[in-house]
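Need a 3D model of the sequence below.
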Amino acid sequence: GGAGHVREMMAFGRNWLEKAIEVLYVNESHHSRCETACLDCLLSFDTQVAVERGHLRRQRAHETLRELLKSK
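Now for the predicted structure:
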């Protein structure tokens, strides 16, 4: 389930948040057109069902991560 990796991720501090932002952003053109997920960022065979169910909200996640980094 991934819960065991939480401690490991916390040890990386800001670095893992910054890397997540890079994966989510790609470039300005991508950011303006991709709201949920696409093959350039999050869409894969493993994430198709999550996208179909509306669970991936790339732009919202990007904004939230940026706000978290600002507050630290």
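
Next, L42: secondary structure please.
coil (DSSP: H, G, I helix; E, B strand; the rest coil).

residues contacting it?
Going by CB atoms under 8 Å, 6 or more residues apart in numbering, L42 touches 23-24, 36, 51, 56, 58. (C-beta placed from N, C-alpha, C; glycine too.)

Spatially, which two of the residues you listed are the most separated?
Largest separation among the contacts of L42 by CB to CB: V23 and V51, giving 15.4 Å.

Show me just the buried residues among the contacts of L42.
Those of the contacts of L42 that meet the buried threshold are 24, 36, 51, 56, 58, by 16 or more other CB atoms under 10 Å.

Could I get the contacting residues of the second one?
Same thing as T36. T36 sits next to 42, 51, 54, 56-59 when contact means CB under 8 Å, 6+ apart.

Inside helices: which ones of those residues?
With helices taken from DSSP state H, the overlap with the contacts of T36 comprises 51, 58-59.

got the contact list for A20?
Listed by CB under 8 Å, 6+ apart, the contact set of A20 reads 61, 65.

Just name the shakiest helix or strand of this protein by mean pLDDT.
helix 6-11 (a mean of 82; mean pLDDT, DSSP states H and E).

Now do that one: distance to the chain's middle.
17 Å (CA atoms, centre = their mean, to the nearest Å).

immediately after it, which helix or strand?
Going down the chain from helix 6-11, the next helix or strand is helix 14-25, by DSSP states H and E.

For stretch 49-62, C-alpha coordinates in PDB please.
Output of stretch 49-62 as PDB, limited to C-alpha atoms (Å, rounded to 0.1, in the frame of the first residue of the first chain):
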ATOM      1  CA  VAL A  49      -9.000   3.700 -13.600                       C
ATOM      2  CA  ALA A  50      -8.100   6.500 -11.200                       C
ATOM      3  CA  VAL A  51      -8.400   9.000 -14.000                       C
ATOM      4  CA  GLU A  52     -11.800   7.600 -15.200                       C
ATOM      5  CA  ARG A  53     -13.100   7.800 -11.600                       C
ATOM      6  CA  GLY A  54     -11.900  11.400 -11.300                       C
ATOM      7  CA  HIS A  55      -9.300  10.700  -8.600                       C
ATOM      8  CA  LEU A  56      -6.400  12.400 -10.400                       C
ATOM      9  CA  ARG A  57      -6.500  16.200 -10.400                       C
ATOM     10  CA  ARG A  58      -3.000  17.200 -11.600                       C
ATOM     11  CA  GLN A  59      -3.500  21.000 -11.500                       C
ATOM     12  CA  ARG A  60      -5.000  20.900  -8.000                       C
ATOM     13  CA  ALA A  61      -2.200  18.700  -6.800                       C
ATOM     14  CA  HIS A  62       0.400  21.000  -8.300                       C
END
